[in-house]
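*Asks:* Okay, sequence plus prediction incoming.
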Protein chains: 2
Amino acid sequence: MVHGNPSRPRLGDVAVAAGVSTATVSLVLRGVAGPSVATAQRVLAAAEQLGYRPDRAASALASRRSRTIGVALDLSNPFHADLTLAIQDAALRQGHEVLLATVTARQDENATAETLLDSRCAALILLGPRGPVPELERIGRQVPVVALGRPLISEQVGVVRSADDTGIALAVRHLVDLGHRRIAYVDGPPGEVADIRRDGYRRAMADAGSSRWTRVVPGGQTEDDGRAAAPAVLRASGRSVPTAVVAFNDRCAVGLLAACAEAGVGAPADLSVVGFDDSALARLPQIGLTTVAQDVRSLGEHAVAAAVRRASGDGEIGPEVVVPPHLVVRSTTAPPGR
Amino acid sequence: MVHGNPSRPRLGDVAVAAGVSTATVSLVLRGVAGPSVATAQRVLAAAEQLGYRPDRAASALASRRSRTIGVALDLSNPFHADLTLAIQDAALRQGHEVLLATVTARQDENATAETLLDSRCAALILLGPRGPVPELERIGRQVPVVALGRPLISEQVGVVRSADDTGIALAVRHLVDLGHRRIAYVDGPPGEVADIRRDGYRRAMADAGSSRWTRVVPGGQTEDDGRAAAPAVLRASGRSVPTAVVAFNDRCAVGLLAACAEAGVGAPADLSVVGFDDSALARLPQIGLTTVAQDVRSLGEHAVAAAVRRASGDGEIGPEVVVPPHLVVRSTTAPPGR
DNA sequence: TTGAAAGCGCTAACAT
DNA sequence: ATGTTAGCGCTTTCAA
C-alpha cells in the first residue's frame, strides 16, 4: 500500500513531545503504576495533542497478547446479529475490542477461526459452532475459546448457553395452559442443541401428562427447513393432527408458518406455533411469533467475561454458564379451535 | 494471556526444517520470484508439515501493509448482512481476508473505523456511512476508504453504489403500468441517499405524466419509521388518498405495511407497496414485498476491487461505480382496487 | 539463488 | 521514577 498514510504518530513521537522515554510513555498509556502524576499528565497531553493511537499489531507482537476478542458468526442468521451486538457492547464496557468474521459457504468455521487467530485475537467466541468437537478443541488449544449456545463438555472450550430444555418446557407449558394436547415438535439440525431441545420437548410433554401424544418432525435451522416440515406436521387426519407446534427456532417456525398458510392452515386459528430465539424475525408485526426468548444481553456479558477470564488465565476457568430463557407471547398462539 | 498457546510454528522453524534462511522462506511463501523450484518445494513441504501460518500482525508490522479489508457495518440492518456476505466472498476470491466491526449505539461510525484501523487493515469498506463527509475524509486520509451505497464526491473516498434514482423509477413505472396514478413516497433519513431516491421519485412521476399528484411523506430507515409514516400516508379522504406507495427501503416498507394492516388497509388490495434493497426481510413469504433489488454480488465485487486498487496504489483510482438495480415483483403490488 | 542484518512500533526486563 | 536495551515474527535491502 503505497497509499498516503501520513504515518500516524508513534510512541516515539509522543515520547519526544513529552520529553520522556518511550518506555515511560508506554507505561503511562497502559495505566501501569510507576510514572509520577506530573509526567503522566505531560504524556497524556502530548498523546492527545498528536492524536496518538497505539498500533495494536505492534503491541500484540511485543506483548504476546491483545485486548481484541474475535467473534465467529453466521451473518445469515438474524439471531447472531443480536448476539453479536450484545457481545460488542459487553466487550466495550469491559475495555476490549471486537473483531468479527463470518462463516460462509466458502469460508467454513475453521477458516473463520483461523482468520481471527491470524489477527492475534486474545480469545474467540464462536456463535453456535457446528463443527466436530475435536476440531473445536484443536482451536481451543491455540487460543481461549468460548462456544456460545452449544452445550459440550471439554476442558479446552468454555461454554455459555441458554437453558434450552427449560425454554422448550416454557413453550409446551404455555400451549398446554391454552388447552392444547396434541403438540408436535419440529426438530433442528443434528447436534447437541437439537438433542437438548428435543429431549426438553419429550420431558415437558411427559410432565404435562401428554406423553401418549408426541410427534417429532424432522426440520432444521432455516426457513426452508421449516417450510419442508409442513407436510409432515399437517399429515394424518382427524384427531391425530396436532393443534400446536413448537419449532427448533424462529427461522424454522417462520418457514413452517408460511407453508401452513399456503396450505390454508392459519395461525393461531388452526394451528398454534412457537419459535425459539426471539430474533428480529419474531418481532416483526407481520410475524408476531410467540417464542422462547434467549437473554441475549446476559449471554453476551457472560461470553465476554468467560473469554476474558480464560485469556488472562487468572481465576478459575469455571463451569459452563447456563442462562434462563423466558417466553414471549405474541400472536401465533391461542386456544385450540373447535 | 498466560494461556497455553503452544507457540505455533514461526518462520524460523520452517527455515530450519527446510535448511534455508528465513529470508528465503519469506520469499517462497509470498510467491516472490527468486528461489529455485527445488528450494521452493522443500520450503513449502516444511511449512505444510509444520502447519505454519504466517503471523499477520508481524507481517503487517514489517511490511507496512496488509491483505486484510475492514468492513464497518450495522448488524441491525439485514441488508448489511447480505452485502457483507458478498464482500467476504469477493475478498476471499481476490485473496484478501475480511474483518468486520459493527456500529452500535455505543460505538459510532468513527470508533468502528478506528477499531478496524488499529488492526492495520489495508483498506476500509464502509456500508452506508452516515457521518459527515469531512469525517469520512479524515479517515480516508489515513487509509483507503470505499463508501458503499452513499453517493458523495471526494478525492479521499471511493464510492460504489446502486443507481438509486433508476431503482425508484423502476418501482414507479411498475406501479404506473399496473394502473396507479396516486403514488406516494415515504422518505428516508436525511442524507444523499434519501435525496437521490426522493428526486428519482419526483422525476419518475413527472415522466409518467403524473406530476400533478405527488406526495412525499417523512419516514426513515427502520421499521418504526415506516410505521410512524402510515397515518400521513393514509390521511386525507376521497380521491386524494394514494393507491400505492414506494418506501425508502424494505424495513421502512415493512413497518408501513404493518401499520396499514392494523388500520384495516390491506396490501395489495387497498394499497400497493414497494420497498428497496430486496433484503432477507422482503423475501420472507409472510412479507413477499415487491422491491427494488440491489445487485449485492456486483456491489461487493466492485467495493472490494476498488478497495484493493486504492490500497495497492496502482492504476487509476477511478470514478464512482454505479450498479444498476432491478425490480423484484412479489405480492404487495397489484392494480388499484375499485 | 541465497543469506545476513537491520528494522517495523511496541513491550518488558533490567539498570540507573 | 525513568531510561536502556533487547527482542516479538516478519520483510527487505544489500552482499555474497
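*Replies:* Cool, the structure landed. If you're wondering where the values come from, they're calculated on a predicted model, not measured in any experiment.
*Asks:* quick one, helices of chain A?
*Replies:* With DSSP state H as the criterion, chain A has helices at A:11-18, A:22-29, A:37-50, A:56-63, A:78-93, A:109-118, A:133-142, A:164-178, A:192-207, A:223-234, A:250-262, A:280-283, A:296-312.
*Asks:* okay if I get those as CSV plus mean pLDDT, distance to B:P242 and mean neighbour count?
*Replies:* Quick note: C-beta positions are derived from backbone N, CA and C, even for glycine. Below are the helices of chain A laid out as CSV (pLDDT from 0 to 100; distance: least, CB to CB, whole Å; neighbours: other CB atoms under 10 Å in any protein chain shown):
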stretch, mean pLDDT, distance to B:P242, mean neighbour count
helix A:11-18, 94, 60, 19
helix A:22-29, 95, 59, 19
helix A:37-50, 94, 54, 16
helix A:56-63, 91, 52, 18
helix A:78-93, 92, 31, 23
helix A:109-118, 89, 46, 21
helix A:133-142, 90, 55, 18
helix A:164-178, 97, 40, 22
helix A:192-207, 95, 46, 19
helix A:223-234, 94, 32, 21
helix A:250-262, 96, 28, 25
helix A:280-283, 94, 27, 22
helix A:296-312, 94, 38, 22
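*Asks:* correct me, but A:V176 touches A:A208?
*Replies:* Yes - with contact defined as CB atoms under 8 Å, A:V176 counts as touching A:A208 (4.6 Å).
*Asks:* And whichever residue of the stretch 201-338 of chain A sits closest to DNA strand C, how far from A:I87?
*Replies:* Relative to DNA strand C, the nearest point of the stretch 201-338 of chain A is A:S312 (12.2 Å; CB to the nearest atom of the strand). From A:S312 over to A:I87 the distance is 17 Å, taken as CB to CB, to the nearest Å.
*Asks:* Could you list the residues of the stretch 51-200 of chain A in contact with DNA strand C?
*Replies:* Residues of the stretch 51-200 of chain A lying near DNA strand C by CB under 7 Å from any atom of the strand: A:Y52, A:P54, A:D55, A:A58, A:S59, A:L61, A:A62, A:S63, A:R65.
*Asks:* just the residues you listed that are near DNA strand D?
*Replies:* The subset of those within reach of DNA strand D, by CB under 7 Å from any atom of the strand, is A:A58, A:L61, A:A62.
*Asks:* OK, contacts around the second one?
*Replies:* Read it as A:L61. By CB atoms under 8 Å, 6 or more residues apart in numbering or on different chains, the contact set of A:L61 is A:R120, B:D55, B:A57, B:A58, B:L61.
*Asks:* is any part of stretch A:255-267 close to chain B?
*Replies:* Yes - using CB under 8 Å from any CB of the partner chain, stretch A:255-267 reaches chain B at A:G255, A:L257, A:A258, A:A259, A:A261, A:E262.
*Asks:* Confirm for me that A:A253 is in contact with A:G288.
*Replies:* No - contact criterion CB under 8 Å: A:A253 and A:G288 do not qualify, at 11.3 Å.
*Asks:* Between the two, which contacts overlap?
*Replies:* Here A:A253 and A:G288 share the contacting residues A:A282, A:T332, scored by CB under 8 Å, 6+ apart.
*Asks:* Tabulate the helices of chain A (a markdown table), appending distance to B:D74.
*Replies:* Putting the helices of chain A into a markdown table (distance: least, CB to CB, whole Å) gives the following:
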| stretch | distance to B:D74 |
| --- | --- |
| helix A:11-18 | 33 |
| helix A:22-29 | 31 |
| helix A:37-50 | 29 |
| helix A:56-63 | 23 |
| helix A:78-93 | 9 |
| helix A:109-118 | 21 |
| helix A:133-142 | 29 |
| helix A:164-178 | 28 |
| helix A:192-207 | 28 |
| helix A:223-234 | 22 |
| helix A:250-262 | 21 |
| helix A:280-283 | 13 |
| helix A:296-312 | 17 |
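*Asks:* Mark out where each domain of chain A begins and ends.
*Replies:* A:11-54, A:67-162+A:296-323, A:164-293 (automatic domain parsing).
*Asks:* Endpoints of the longest one, how far apart?
*Replies:* What that stands for is domain A:164-293. Its start and end residues considered, domain A:164-293 measures 10 Å (CA to CA, to the nearest Å).
*Asks:* what's the answer for the second one, then?
*Replies:* Start and end residues of domain A:67-162+A:296-323 are separated by 25 Å (CA to CA).
*Asks:* That one vs DNA strand D: in contact?
*Replies:* No - contact of domain A:67-162+A:296-323 with DNA strand D is not found when judged by CB under 7 Å from any atom of the strand; the minimum separation is 9.4 Å.
*Asks:* Report whether that domain contacts chain B.
*Replies:* Yes - counting by CB under 8 Å from any CB, chain B has neighbours in domain A:67-162+A:296-323: A:68, A:75-76, A:78, A:81, A:84-85, A:88-89, A:92-93, A:97-102, A:104, A:106-107, A:114-115, A:117-120, A:122-123, A:141-144, A:310-314.
*Asks:* what does stretch A:132-145 contact?
*Replies:* Residues from elsewhere that reach stretch A:132-145 (CB under 8 Å, 6+ apart): A:109-110, A:113, A:117, A:121-126, A:129, A:147, A:152, A:154, A:156-158, A:307, A:310-311, B:1, B:3-6, B:8.
*Asks:* again, only using 6 Å
*Replies:* The contact list for stretch A:132-145 (CB atoms under 6 Å, 6 or more residues apart in numbering or on different chains) reads A:113, A:117, A:123-124, A:129, A:152, A:154, A:156-157, A:310-311, B:3, B:5.
*Asks:* Relative to A:S26, which of the residues you listed is nearest.
*Replies:* Nearest to A:S26 among those: A:A311, at 20.6 Å, using CB to CB.
*Asks:* which parts of the stretch 201-338 of chain A sit against chain B?
*Replies:* Counting by CB under 6 Å from any CB of the partner chain, the positions of the stretch 201-338 of chain A adjacent to chain B are A:A258, A:P285, A:Q286, A:I287, A:A311, A:G313.
*Asks:* Switch these over to a markdown table; also include distance to A:A236.
*Replies:* Converted to a markdown table, these look like this (distance: CB to CB, whole Å):
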| residue | distance to A:A236 |
| --- | --- |
| A:A258 | 21 |
| A:P285 | 33 |
| A:Q286 | 29 |
| A:I287 | 27 |
| A:A311 | 53 |
| A:G313 | 56 |
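*Asks:* Thanks again, I'm all set now.
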